[in-house]
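S.K.: I need the structure of the sequence given here:
(chains A and B)
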Amino acid sequence: MRLAVENLSGERGGEAVFSDISFALDAGQALLVTGPNGAGKSTMLRIVAGLLPAAEGRVAFSGSGEFPDIRAASHYLGHLNAMKTALSVEENLAFWRDFLGSPRLSPRDALDMVGLGEIGHLPFGYLSTGQRRRASIARLIVSYRPVWLLDEPTAGLDRASEDRFAQLMRGHLAEGGIIVAATHLPLGLEGTRELRMGEEMLGAPGERAKGRGVSGGSAI
Amino acid sequence: MLALFLREIRLGVRAGSGAMTGVLFFLAVVAVMPFGVGPDLNLLARIGPAILWIGALLASLLGLDRLFQADRDDGSLDLLLMAEDRHMVALTVFTKCLAHWAIAVLPLVVVTPLLGIFMNVPPLGIAAATLTLFVGTPAITFIGAVGAALTVALPRGGLLVSVIILPLTIPVLIFGVAASRAAVAEPDPFLPPFLILAALTLFFSVIGPVAAALALRGAAD
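M.R.: Residues are numbered from 1 along each chain as shown, chains lettered A, B, ... in the order given. You can find the predicted model right below:
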């Protein structure tokens, strides 16, 4: 399994946000995407997830049987939690488990894994920000996907939950999964590669306004 | 797909207000009609089926704009679109439409007989109006899905949805009213317009979800 991104450029509303990003990940590897606000981290993840078209370049994924392309093979955890406030946490997870297929853990076990075992019966709307985030992290483990695309996954999490989440990610990598995470905070993973986005852009803000190809990104 | 259907039904039942709003609006439209046209019972009986149809059509437009917007607001829409390899987006839309119809529109059909009495429609006419609404309203929901998908990115697209889809629902209205009036007005045949109405529903049940799926994919950002 291999996820390769070649010379990827993205734009929003006709204006280039980032350009010329390349990286390649094999099974068991993780990539941290860092950079200032507006550097295009989220846009890049959405393009990789197939939710936005790429302006240039391509995302190549060589998968196996059940997961032929990147869209089928990934979990996407965006800013929004994709949970219904009127349903209980367990009902939400049970729905995604059925709908996404490839079931893994039961909703109850998954909630235990993120430390929400006690409150699975509560409506999602009653949860605090951090608990909501943990519930949507539980979605990653109720059904199996080899690739995790995470956008600020630890926003709102407390220290203990961050550690638990790091453990989940280590487990996923050990099984031969791939993680691409956009983040400001260290995720507690060892041996990950880092992609810095949009650093040149800070030096020359005028360039962005002109809409030319801008920020170079390089995998270190 | 069953999971999605059940989730939508559960959401509709828990949130509650959707079905009640529609029914109350329907009631309001039909109830003020006799005050407007006057207490001529024969006239009311003659225009009754048409009023029932117009009322149900307008009431079923309420809430349509939230069909995909609610999912977009909480991020579910991204995941529904990403699951395309397992569940065709058109099929997902179809399922959501069915659930929306069952939650928000079916109650309108259920109260139609009661409102028919308000309009002094004879029993046979009431039965015909209810039956045609039962068969015809799914078409409105399927057409509405296209409007809802087109305006999914607009913060207040409610009115725009109605403006986009109302012209498209006119054939449904024409044949629905024709069939329900034919049941009362003797020489007119009931079956031909009724069958065309059924055909319209089947037609839009295919076209609507496919078009809505295309619109949703185009609206991704």
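S.K.: Please, where are all the helices along chain B?
M.R.: Ranges of helices in chain B, per DSSP state H, are B:2-15, B:17-37, B:41-61, B:66-73, B:76-82, B:89-100, B:106-118, B:123-150, B:158-182, B:191-219.
S.K.: Quick one: distance of the longest one to the chain centre.
M.R.: What that stands for is helix B:191-219. Relative to the centre of its chain, helix B:191-219 is centred 12 Å away, using Cα atoms, centre = their mean, to the nearest Å.
S.K.: For residue A:70, find the nearest of the helices of chain B.
M.R.: Evaluated over the helices of chain B, closeness to residue A:70 peaks at helix B:76-82, with 9.6 Å, by Cβ to Cβ. C-beta here means a position set from N, CA and C on the backbone, and glycine is covered the same way.
S.K.: can you tell me the average pLDDT over the closest one?
M.R.: For helix B:76-82, mean pLDDT rounds to 91.
S.K.: Now tell me which helix or strand of chain A has the poorest mean pLDDT.
M.R.: Ranked by mean pLDDT, DSSP states H and E, the weakest helix or strand in chain A is helix A:205-209, scoring a mean of 37.
S.K.: Export the helices of chain B as CSV, with columns for mean neighbour count and distance to residue A:118.
M.R.: Below are the helices of chain B laid out as CSV (neighbours: other Cβ atoms under 10 Å in any protein chain shown; distance: least, Cβ to Cβ, whole Å):
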stretch, mean neighbour count, distance to residue A:118
helix B:2-15, 17, 22
helix B:17-37, 16, 31
helix B:41-61, 21, 42
helix B:66-73, 20, 28
helix B:76-82, 21, 25
helix B:89-100, 22, 31
helix B:106-118, 19, 37
helix B:123-150, 24, 38
helix B:158-182, 20, 40
helix B:191-219, 18, 37
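S.K.: Switch those over to CSV; also include distance to residue A:134.
M.R.: Below are these laid out as CSV (distance: least, Cβ to Cβ, whole Å):
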stretch, distance to residue A:134
helix B:2-15, 21
helix B:17-37, 30
helix B:41-61, 39
helix B:66-73, 21
helix B:76-82, 18
helix B:89-100, 27
helix B:106-118, 37
helix B:123-150, 32
helix B:158-182, 34
helix B:191-219, 29
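S.K.: Minimum distance to chain A: which of those has it?
M.R.: Nearest of these to chain A, taken as Cβ to the nearest Cβ: helix B:2-15 at 3.5 Å.
S.K.: For the residue in chain A positioned nearest to chain B, give me its contacts.
M.R.: Closest residue of chain A to chain B, Cβ to the nearest Cβ: residue A:80 (2.8 Å). When contacts are counted by Cβ atoms under 8 Å, 6 or more residues apart in numbering or on different chains, residue A:80 touches B:73, B:74, B:75, B:78.
S.K.: what's the answer for residue A:79, then?
M.R.: The contact partners of residue A:79, by Cβ under 8 Å, 6+ apart, come to A:42, A:151, A:152, A:155, B:75.
S.K.: Weed out the non-buried ones from these.
M.R.: Neighbour-count burial (16 or more other Cβ atoms under 10 Å in any protein chain shown) applied to the contacts of residue A:79 gives A:42, A:151, A:152, B:75.
S.K.: Surely the last one and residue A:92 touch.
M.R.: No - distance between residue B:75 and residue A:92: 11.9 Å, which falls outside the contact criterion (Cβ atoms under 8 Å).
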